[in-house]
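>>> Next comes the sequence, and after it the predicted model I'd like to discuss.
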Amino acid sequence: MIALGIESTAHTFGVATVDERGNILSNSRDMFKPELGKGFTPYELAEHHYGISGEILDKSLKEANITWDSIDVVAFSQGMGIPNSLKVGAALARYLSLKYSKPLIGVNHGIAHIEIGKLKTGSSDPVIVYLSGGNSQILAYVSGRYRVFGETQDIPVGNALDVLARELGLPMPGGPEIEKIAKNGGFTDLPYVVKGMDMSFTGIMTAAIEKFKEGVRKEDIAYSMQEVCFSMLTEVTERALAHTNKKEVLLVGGVAANKRLQEMMKVMCEERGANFYVVPQEYAGDNGSNIAWAGILVYNSNGKLSVEDSRVKQNWRTEDVEITWLK
């Protein structure tokens, strides 16, 4: 079996092909990059995705060296995400499903990040740290679902890093740029906000921006932002690990590529006797292979989706999905 996966939740449009053994046959994508100092609008994202979708689809099929006769399933990111972006991928998936008579599968974006992480690392039953521009959650599989044990109460850490990067005059995406300059920084005091098992990043981000306006070096701001935010995430992850009595931690999502975050999590896991896994960088950010692999899991355990039920779900939370492929 081969699945074609379409990713379009936010700034990236991707198409990939994956077989039922988890082999990535192709993984093509293109990211919308705003002008320096600017963010993006939902309209701009949709225009980008519409404009690039045909090229990325053709590129992915060519890279895999397959035709539509070899594809068995069409999967797409149905939610959560930015509606304008999601609708582009959903429309293309419906069209391809109907044109080539292929089963249609709607995939939860968060579940896709988790499952590609497990596939590529060999992790079996981890506490999952899912961090991206749109999500900051600490999860674990319990009673048929990936349950949320802690999350942000306001903006995700990836979004906070992006906003701070724009204020510091750095290119997008902001996280990697923050990481670069943080290597030459020192500590300046920022608020540390953990509330039970949840976190808040808005106040930290605002305080960091104010410090920069007061004349604190951008390198020091970047360093301190990482140290405080990642310490908060590590604290909550450690408590989730103790509560669930699991022996693995898996870091997934775009922010998973940050080496300082990986270092903190690794030290914590070593102290607790737990194994630490990080999704390979190629699959950390948004991409179609995540969607294709999750599409195979969903299809094999739960069947196809009707076109009538394929509307996008902007706020489709991870714990809303019944995990039918795990027992």
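Yep, that arrived.
>>> At which residues are the strands of the stretch 51-200 of the chain located?
Taking DSSP state E, counting those that start in this stretch to define them, one finds strands in the stretch 51-200 of the chain at 73-79, 104-108, 127-131, 136-142, 145-151, 194-195, 198-199.
>>> got the CA coordinates for the fourth one in CSV?
Same thing as strand 136-142. Provided in CSV are the C-alpha atoms of strand 136-142 (Å, rounded to 0.1, in the frame of the first residue of the first chain):
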residue,chain,number,x,y,z
SER,A,136,2.5,23.3,22.8
GLN,A,137,1.3,20.1,24.4
ILE,A,138,2.6,17.3,26.7
LEU,A,139,0.7,14.1,25.9
ALA,A,140,0.7,10.4,26.5
TYR,A,141,-1.4,7.5,25.2
VAL,A,142,-3.9,6.4,27.8
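>>> so what secondary structure elements neighbour it?
The contact analysis (3 or more C-beta pairs under 8 Å, 6 or more residues apart in numbering; DSSP states H and E) places strand 136-142 against strand 127-131, strand 145-151, helix 218-244. C-beta here means a position set from N, CA and C on the backbone, and glycine is covered the same way.
>>> So which elements touch the shortest one?
Using 3+ C-beta pairs under 8 Å, 6+ apart, the elements in contact with strand 127-131 are helix 109-121, strand 136-142, helix 218-244, strand 248-252.
>>> gap between that strand and the chain center?
Mean C-alpha position of strand 127-131 versus that of the full chain (C-alpha atoms, centre = their mean, to the nearest Å) differs by 10 Å.
>>> Would you convert the helices and strands packed on strand 127-131 into TSV that also reports mean pLDDT?
Formatted as TSV, the helices and strands packed on strand 127-131 follow (pLDDT from 0 to 100):
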stretch	mean pLDDT
helix 109-121	97
strand 136-142	97
helix 218-244	98
strand 248-252	98
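>>> domain ranges for the chain?
Domains of the chain are assigned by automatic domain parsing as 2-113+284-320, 125-282.
>>> coming back round to it: now the strands of the stretch 51-200 of the chain as JSON lines including mean neighbour count?
Shown next, in JSON lines, are the strands of the stretch 51-200 of the chain (neighbours: other C-beta atoms under 10 Å):
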{"stretch": "strand 73-79", "mean neighbour count": "28"}
{"stretch": "strand 104-108", "mean neighbour count": "26"}
{"stretch": "strand 127-131", "mean neighbour count": "28"}
{"stretch": "strand 136-142", "mean neighbour count": "23"}
{"stretch": "strand 145-151", "mean neighbour count": "20"}
{"stretch": "strand 194-195", "mean neighbour count": "12"}
{"stretch": "strand 198-199", "mean neighbour count": "22"}
